[in-house]
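Visitor: Provide a 3D model corresponding to the input given below.
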Amino acid sequence: MTPPADQGAAKHRAASLPLDEVLAELRDQIASFRFVLDAPGTEEATTTQQDLLNQLDDYVLPRVRRTDSPLLVVLSGSTGAGKSTLVNTLVGARVSATGVLRPTTSSPILVCHPDDADWWLDERYVLPGFGRVLGPAPDAVVGDQLVIMKSEVLPRGLALLDSPDVDSVFEDHHEFAAQFLAAADIWMCVTTAARYADAQVWRLLHRARDHGATLGIVLSRVPEEGGEEVVAHFAEMLKDNGLEAAAQFSIPETKVSGGMLPKGMSDEVHGWLTSITEDEDGRAEVIRSTLGSVLDTFRTRVPELAKRVEEQVALRTVLREEVEAAYAGGLAELDEATRNGSLLRGEVLARWQDFAGTGDLERALQSRGSQAGHRGGRRRRAP
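Guide: Next up is the predicted model:
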């Protein structure tokens, strides 16, 4: 991170550079520091650092460099919420696994128009840390790779990503879900009428709100009886949490066949996504809104990280001074003990007394004297 003394010069230099170069320089500075000292807030700072790097690599830099790239819609939610079913319904084919086993989405599935496939298969752009494999492979387990599926049902310029469950039993799925959220132009949260109040759902909604993502929220499996009250209560909760601007949809409880909802159930969601993609002004507004909101979050996230870096530097300075002071004190004590003879106290003195008191010293001297006399018999005696 840039030292305070150099911040003025850095700001002046940044003002004369293109935005992508400024962001690339910021990314390098964030990546250059390692939180090696265990101190309060270090774990949170490490998480913030990684979140910033992921968002810069996966979304901000690719979007700033290529504003004409396809929109990425990430569908996320808790286990069994029905996001994979919704993806299949939107594209009119079973491209993502559904079923009773949890979690069903073991690999992130990205569905796009065939004309956009080359863009998503290129690892230089969005989500560069993930490998690519061309589907169909809806049930494949390929680790940290995107399974790219083609669908002519989706309009050009739009891709749907079915991310792993946010409450998956696999730890890496949690990390993937958070990373995909940070890379989304539009984030769709899919939850159910039975689980919309779960803490995990609201943690992700708050994160999406704080990171400035354009939001769509789907409440699925709404019961016929009391469904209106459930939808109204959920809408009230969204308003209380500052999420009333999100696009809101509801899907009634129904029978799923072939991994898809009955015809017409997802028309509102499909129409909303299509209208954004086909309307140039609407598409540009989504990009401006999401990108601008993400960049705005950097105003607080980056200074907070810099504060943690300064705390690490200050702690390192204190530790170094304490070590140097302790070493200097020990060296001074050793020098004084050598001068006044106190170095021979304690164990060293006890060992000497033991050696001298047992007669070992006398025998050693006598042995040396007899050896000298023996050698002297053959040589001229010294005066």
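
Visitor: Tell me the spacing between Trp119 and Tyr125.
Guide: 7 Å (CB to CB, to the nearest Å). C-beta: built from backbone N, CA, C; applies to glycine.

Visitor: hey, what's in contact with both of the two?
Guide: Common neighbours of Trp119 and Tyr125 (criterion: CB atoms under 8 Å, 6 or more residues apart in numbering): Ser69.

Visitor: How is Gln248 assigned, secondary-structure-wise?
Guide: The three-state label given to Gln248 by DSSP: H, G, I helix; E, B strand; the rest coil is strand.

Visitor: Who is it paired with across the strands?
Guide: On the basis of DSSP bridges, Gln248 is bridged to Ile217.

Visitor: That one: how many residues sit nearby?
Guide: A count of neighbours around Gln248, defined by other CB atoms under 10 Å, yields 17.

Visitor: the strands in this structure, which residues?
Guide: With strands called from DSSP state E, the chain shows them at 71-77, 109-112, 131-134, 145-150, 158-162, 186-192, 214-222, 247-252.

Visitor: just checking, Thr46 touches Val36?
Guide: No - look at Thr46 against Val36 with CB atoms under 8 Å: they stay out of range, at 10.3 Å.

Visitor: who's in contact with stretch 310-326?
Guide: For stretch 310-326, contacts defined as CB under 8 Å, 6+ apart pick out 1, 33, 35-37, 39, 41-42.

Visitor: Does Pro114 touch Met149 like I think?
Guide: No - applying CB under 8 Å, one finds Pro114 not in contact with Met149, separated by 10.1 Å.

Visitor: between these two, who's got more neighbours?
Guide: Comparing Pro114 with Met149 by other CB under 10 Å, the one with more neighbours is Met149, at 25 against 11.

Visitor: Quick check: pLDDT value at that one.
Guide: At Met149, the model reports a pLDDT of 90.

Visitor: how close does it sit to Ser163?
Guide: Distance, Met149 to Ser163, using CB to CB: 14 Å.

Visitor: again, but for Phe176
Guide: As judged by CB to CB, Phe176 and Ser163 stand 6 Å apart.

Visitor: Need the residues touching each of those two.
Guide: Pro108.

Visitor: Comparing those two, which shows the higher neighbour count?
Guide: Taking other CB under 10 Å, Phe176 and Ser163 do not tie; Ser163 has more neighbours (27 against 23).

Visitor: buried ones in stretch 291-304?
Guide: 291, 294, 298, 301-302 (16 or more other CB atoms under 10 Å).

Visitor: circling back: of Thr46 and Val36, give the one with the bigger neighbour count.
Guide: It is Thr46, of Thr46 and Val36, that has more neighbours when counted by other CB under 10 Å, with 14 against 8.

Visitor: so where is the stretch 1-150 of the chain shaky, pLDDT-wise?
Guide: 1-17, 97-106, 136-143 (pLDDT under 70).

Visitor: again, 50 this time
Guide: Applying pLDDT under 50 to the stretch 1-150 of the chain picks out residues 4-5, 12, 14, 99-105, 138-141.

Visitor: Quick one: the helices in it, in order.
Guide: Listed in chain order, the helices of the stretch 1-150 of the chain (DSSP state H, counting those that start in this stretch) span residues 7-15, 19-31, 42-55, 61-65, 83-91, 117-121.

Visitor: Out of those helices, which is the most enclosed?
Guide: Neighbour counts (mean count of other CB atoms under 10 Å) averaged over each of the helices of the stretch 1-150 of the chain peak at helix 83-91, with a mean of 26.

Visitor: Please enumerate residues in contact with it?
Guide: 75-77, 94-98, 104-105, 109, 111, 149, 151, 153-154, 160, 162-163, 188, 190, 218, 220, 251, 256, 258-261, 265-266, 269-270, 273.

Visitor: what angle do it and strand 71-77 make?
Guide: Between helix 83-91 and strand 71-77, the angle comes out at 140 degrees (axes from the mean of the first three to the mean of the last three CA atoms, to 10 degrees).

Visitor: quick one: helix 83-91 to strand 145-150, angle?
Guide: 30 degrees.

Visitor: Can you give me the distance of Gln248 to Arg156?
Guide: Separation of Gln248 from Arg156 (CB to CB) stands at 27 Å.
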